[in-house]
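Novice: Got a predicted structure plus its sequence, pasted below:
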Amino acid sequence: MSNIPYRNVGFFFVFLMLLVVAGFTPRIAGTPFFGYFGQIANAGRVPAVIHAHAVAALTWFALLALQAFLIRANRRDLHRAIGKSSVVIAAMLFVTSLLVMKHFYTTAIETFPRDAVLSALAQSFTGLTLFVLFFFLALKNRRNIYRHVAYMVAAALATATPGLARLGLYVVGGLPGILLVVALIYATLLSFLLHAKIGLRQPVWRGPYPPIIALFLVGHAMDFVGRQTPAWLWFADKIVSIW
């Protein structure tokens, strides 16, 4: 039992989900972040699309943890059977994410300059793109537990980023809070990389973590710099034009 690789990764997924819930709980002053879980008593005032997205996201994290604990319990049969539902849940998360982006755009465009709203869509778009890419790679490598877990961890971090960013804004505030969250994401990936190298004796440079880190770097470059470029504004304009 103790020789099962990543036998404790389920606890990581649970902890990550708790951080996301914490990030989406308080209202953050000076931002449009109203604190979804802090407004449960006023749920009727929250658009249905936000509720649907919250359910899809929580189901996604719960499934990640459940699947990891099934492997820990050596129930690979249940892991494989339940794993088929991950495609449906991931699709739900993808669709509801797009609907939330649309809701944000149609609401924000009434108050803020168009270019500012299009720029703000960059983080959601890059995060969703990373999630889809990492989830696809996890499925493609489902018969290789080392790569499969690595890409699932990456998909979880991509999904968790909005909640983690809100938590950083609430606890630390401003740009320092965002940078702290970004640093923690890379620290987490480097920790998994070192565990793969030292604990599991897996190759590093031919393994999944260097390309995962590189893709996160591209995504964060887009979030901090690329979103202000004419190329992104043009691309974002094409996206919202079909909404």
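Specialist: The structure has been received and is ready for your questions.
Novice: In the protein, mark out all the helices, start to finish.
Specialist: 9-23, 48-72, 76-83, 85-108, 114-140, 145-171, 174-194, 209-224, 230-241 (DSSP state H).
Novice: and the fifth one, what other elements does it pack with?
Specialist: Looking back up the chat, that one is helix 114-140. Here helix 114-140 is seen to pack against helix 85-108, helix 145-171, helix 209-224, helix 230-241 when contacts are counted using 3 or more CB pairs under 8 Å, 6 or more residues apart in numbering; DSSP states H and E. Bear in mind the C-beta positions are built from the backbone N, C-alpha and C, glycine included.
Novice: May I see the buried residues of that helix?
Specialist: Residues 117-128, 130-135, 137-138 are the ones in helix 114-140 that count as buried (16 or more other CB atoms under 10 Å).
Novice: Centre of the chain to that helix, how far?
Specialist: Remark: helix 114-140 is offset 9 Å from the chain centroid, using CA atoms, centre = their mean, to the nearest Å.
Novice: Name the nearest residue to the residue nearest to the spatial centre of the chain, ignoring sequence neighbours.
Specialist: Centroid-nearest residue in the chain, with CA atoms, centre = their mean: Thr159, separated by 1.1 Å. What sits nearest to Thr159 in space, not counting adjacent residues and going by CB to CB, 6 or more residues apart in numbering, is Phe131, at 5.3 Å.
Novice: ok, the one you found - contacts?
Specialist: 90, 93-94, 97, 155, 158-159 (CB atoms under 8 Å, 6 or more residues apart in numbering).
Novice: From these, list just the buried residues.
Specialist: 90, 93, 97, 155, 158-159.
Novice: coming back round to it: okay if I get the helices of the chain as CSV plus mean pLDDT and distance to Phe33?
Specialist: Shown next, in CSV, are the helices of the chain (pLDDT from 0 to 100; distance: least, CB to CB, whole Å):
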stretch, mean pLDDT, distance to Phe33
helix 9-23, 97, 9
helix 48-72, 95, 12
helix 76-83, 90, 33
helix 85-108, 94, 11
helix 114-140, 95, 12
helix 145-171, 96, 5
helix 174-194, 96, 12
helix 209-224, 96, 16
helix 230-241, 91, 21
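Novice: among these, which is the most enclosed?
Specialist: Among the helices of the chain, ranked by average contacts under mean count of other CB atoms under 10 Å, first place goes to helix 145-171 (a mean of 22).
Novice: Tell me how far Lys102 lies from Leu133.
Specialist: 21 Å (CB to CB, to the nearest Å).
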